[in-house]
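Chemist: sequence below, structure please.
(one chain, ligands or ions: 1)
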Amino acid sequence: MLNLEKSNDLRNYASDFSPNGVPTGKPSPFYVQGGKGARIQDIDGNTYLEYWCGAGPVILGHANSAVNAAVIKAIEAGNVQFSIPSSLEVELMAKLVKHIPCAEKGILSTAGTDALAFAARIARTYTGRPRLAKFEGGYQGWSDELSVSNAPDLSKAGNKEQPNTVADSAGANIDKNSQTLVLPYNDLATTEKILTKEKDAIACVIVEPMIHGNNLMPKEGFLEGLRELCSNLGILLVFDEIVTGFRHGLQGGQGAVNVIPDMGVFGKAMANGFIIAAVCGKNDVLSVVSPEGDVKTAATFAGNALSCSAALATIQVLETPGFYEHLFKLGNTLRDEVNKTAQQLGVKARCDGYGSVWCMYFSDQTPHDYRDIANYRANGGTEKDQAYRSHMLNNGIFLRPQLVNRAYINAAHSENDIQTTVDVITAFMKENKQLINN
Ligand SMILES: Cc1ncc(COP(=O)(O)O)c(C=O)c1O
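Modeler: Prediction:
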């Protein structure tokens, strides 16, 4: 059992001045101290082999020396925060345009949520239409208008073919007349029906190339069909690439699924943990942005020199020939080994995901939409997932406590780390065969 005495003491102390003692609102069994490569330490001195990677951004490993050197160089040059255009931001945007298929132009921002808010403004201005559309089960940041129906209670979610728009948070201001339209994921025919009816009001459809947050992959032809549908209806297709961008290759998730949206929103893995995001898209679409057009996108820290330096250094490493082959091989080995073992043991468990993103799912059924995930959770999935995450933590492997949630591999994970992880998952499947197969 882990000794978490200092973390528990700090939680008690911090609870006096933050909800649950967590100023960032993210519950965790421990408070972190630092990390290097694929490992992190907590304040009690426990070391974990970890697969959360800072919520996804850390693709090269914690405290990567090339990224650190670039950031330190900027600090020593006195180049930190000006909110005045710099050559670094231009160099970075040139890189994004070079690599990302949909990118002819782009703007920088600080986080996924504000980049998505900018994309929404751009889409509304470009199309002259007021509303946004997204899919049930997707997470598109925490803004009031997009943080809807990520994981709604089924008693509120309505009919599967015409999902209700359900706020993810108390206090969100949702205007009944202009609220975001929620679509059924992987159901192209129904999506077509809804969008055709509402087309004159819809500026854009926002979707991730793969919804790793709820372990959902697009069915064959779904994204291609959505692309065609949006083009036919004059609706912009926006890919939320906050997770997939730079994780699934230099071209992002759009390169992996081979579907090119009108706009793509990037962040996370672009700078290995430094704070940056970008909205990229077709030239005419991005031309509505100020000072060329009327869409204002002012963000104090957009273009921050430390973030731009980190992004340039990260992308330089990602450009190394063989980088993604190596990273994906680690992911494929983990998935293949776990799936082979599950089959040999006769356990209803699977390791899903793509490339460096993976997720254990204790069922022999492939989930196709959020309703499948909600039913899985309600029918024993929650207990199995909780038991699995506790087992991993007690064996020194940190995964985010949230259920049915993605885990990330970074380039500092070794083949040994992957084998250790397979062994720990195998032990869980052996010890819990009855619980899992129930
Ligand atoms: C797919 C997706 N979109 C948007 C966001 C929001 O990004 P941020 O937390 O940087 O605002 C996230 C965050 O996890 C995400 O996973």
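Chemist: tell me the secondary structure for Asp352?
Modeler: What DSSP: H, G, I helix; E, B strand; the rest coil gives for Asp352 is strand.
Chemist: contacts only, for whatever residue of the stretch 101-250 of the chain ends up closest to the ligand.
Modeler: Closest contact between the stretch 101-250 of the chain and the ligand, by CB to the nearest ligand atom, is at Gly112 (2.2 Å). C-beta: built from backbone N, CA, C; applies to glycine. Each residue near Gly112 by CB atoms under 8 Å, 6 or more residues apart in numbering is listed here: 141, 240, 242, 265, 267-268, 277.
Chemist: which residues does Ser414 contact?
Modeler: Counting by CB under 8 Å, 6+ apart, Ser414 touches Ala38.
Chemist: any figure for the gap between it and Val243?
Modeler: Ser414 is 24 Å from Val243, where distance means CB to CB, to the nearest Å.
Chemist: ok, now Phe398?
Modeler: In this view, Phe398 and Val243 are 19 Å apart by CB to CB.
Chemist: looking at the two, which is more packed in?
Modeler: Val243 (26 against 23; other CB atoms under 10 Å).
Chemist: so who does the more buried one touch?
Modeler: Contacts here follow CB under 8 Å, 6+ apart; on that basis Val243 touches 56, 208, 210, 212-213, 253, 268, 357, 406.
Chemist: now name the helix or strand holding it.
Modeler: Using DSSP states H and E, Val243 falls within no helix or strand.
Chemist: among the contacts of Val243, name the ones in helices.
Modeler: Counting by DSSP state H, the part of the contacts of Val243 found in helices is Gly253.
Chemist: what does the longest helix anywhere in the chain contact?
Modeler: In the chain, assigned by DSSP H, the helix with the most residues is helix 323-345. Helix 323-345 is contacted from outside by 59, 249-250, 317-318, 348-358, 360, 409-411, 413, 415, 418-419, 421-422, 425-426, 429-430, 433, using CB under 8 Å, 6+ apart.
Chemist: go ahead and confirm Asn150 touches Tyr139.
Modeler: Yes: counting by CB atoms under 8 Å, Asn150 does reach Tyr139; the two are 4.6 Å apart.
Chemist: which parts of the chain belong to which domain?
Modeler: If you go by automatic domain parsing, the domain ranges for the chain are 5-63+321-437, 65-318.
Chemist: redo the ones you listed as a markdown table? Include mean pLDDT.
Modeler: Listed next are the domains of the chain as a markdown table, based on pLDDT from 0 to 100:
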| stretch | mean pLDDT |
| --- | --- |
| domain 5-63+321-437 | 95 |
| domain 65-318 | 97 |
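Chemist: and those domains, which is most packed in?
Modeler: Of those, the one with the most neighbours on average (mean count of other CB atoms under 10 Å) is domain 65-318, at a mean of 20.
Chemist: check the offset of that domain from the chain's centre.
Modeler: On the basis of CA atoms, centre = their mean, to the nearest Å, domain 65-318 sits 11 Å off its chain's mean C-alpha point.
Chemist: ok, which of the contacts of Val243 also contact the ligand?
Modeler: Among the contacts of Val243, proximity to the ligand is found for 208, 213 (CB under 6 Å from any ligand atom).
Chemist: mind telling me what element the nearest residue to Pro401 once chain neighbours are set aside is part of?
Modeler: Nearest non-adjacent residue to Pro401, counting by CB to CB, 6 or more residues apart in numbering: Arg389, 6.0 Å away. Element membership for Arg389 (DSSP H and E) is helix 382-394.
Chemist: swap in Phe239?
Modeler: Per DSSP H and E: Phe239 is located in strand 236-241.
Chemist: what's the spacing between Lys340 and the ligand?
Modeler: 30 Å (CB to the nearest ligand atom, to the nearest Å).
Chemist: so Phe301 sits against Ser307, correct?
Modeler: Yes: Phe301 is within contact range of Ser307, at 7.3 Å (criterion: CB under 8 Å).
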